[in-house]
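> Sequence unavailable; structure follows:
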């Protein structure tokens, strides 16, 4: 079973920063698109960011553009989500996910593998 392991969540004040990490098996890391989603209490899971590394492209949800950055460390088979200028509405459980290359990188149902999630709480 594929394991994606997130870390780096926590409590931060509004305006602060956090960096989330997602460690993936090398076979997945090298062959799949890696993405981040989040789910706030009482809300549906939503797309945050995806790294389409073969094309050199990254995609972001509208609410995080300009504040969040997805990146990768090939040596560690790890994907990161750098989150700056955090807002209380960013509070959610953040999930790392992986899917094959194709179309529709913002669509949750296209992702095959998921991590267990890490809690991010932004206080006002």
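Received it, and whenever you're ready, just let me know what you need. No experiment lies behind these values; they were computed from the predicted model shown.
> Quick one: mean pLDDT for stretch 89-104?
For stretch 89-104, mean pLDDT is 95.
> Can you give me the buried ones in that stretch?
90-99 (16 or more other CB atoms under 10 Å). C-beta: built from backbone N, CA, C; applies to glycine.
> do stretch 1-17 as well
4, 6, 8-9, 12.
> Rounded mean pLDDT for it, please.
94.
> can you list contacts of it?
18-25, 28, 82-88, 94-98, 112-124 (CB atoms under 8 Å, 6 or more residues apart in numbering).
> contacting residues around the spatially most central residue of the chain?
Using CA atoms, centre = their mean, the residue of the chain that lies closest to the mean C-alpha position is residue 36, 2.2 Å off. Counting by CB under 8 Å, 6+ apart, residue 36 touches 20, 22, 48-50, 70, 79, 81, 94-97.
> Residue 82: what's it in contact with?
By CB under 8 Å, 6+ apart, the neighbours of residue 82 are 17, 19, 68-71.
> do you know how far the residue nearest to the centre of the chain is from residue 82?
Taking CB to CB, to the nearest Å as the measure, residue 36 falls 11 Å from residue 82.
> now swap in residue 37 and tell me
In terms of CB to CB, residue 37 sits 16 Å off from residue 82.
> now do residue 12
13 Å.
> Residue 62: neighbouring residues, count only.
Neighbourhood size, residue 62 [other CB atoms under 10 Å]: 7.
> Could you say whether it sits in a helix, a strand or coil?
Look at residue 62: counting by DSSP: H, G, I helix; E, B strand; the rest coil, its state is coil.
> Tell me the confidence at it?
For residue 62, pLDDT reads 97.
> how about it, what does it touch?
Here residue 62 is in contact with no residue (CB under 8 Å, 6+ apart).
> Over to residue 107?
residue 47.
> Same question for residue 49.
Residues near residue 49 by CB under 8 Å, 6+ apart: 35-36, 58-61, 64, 68-70, 81.
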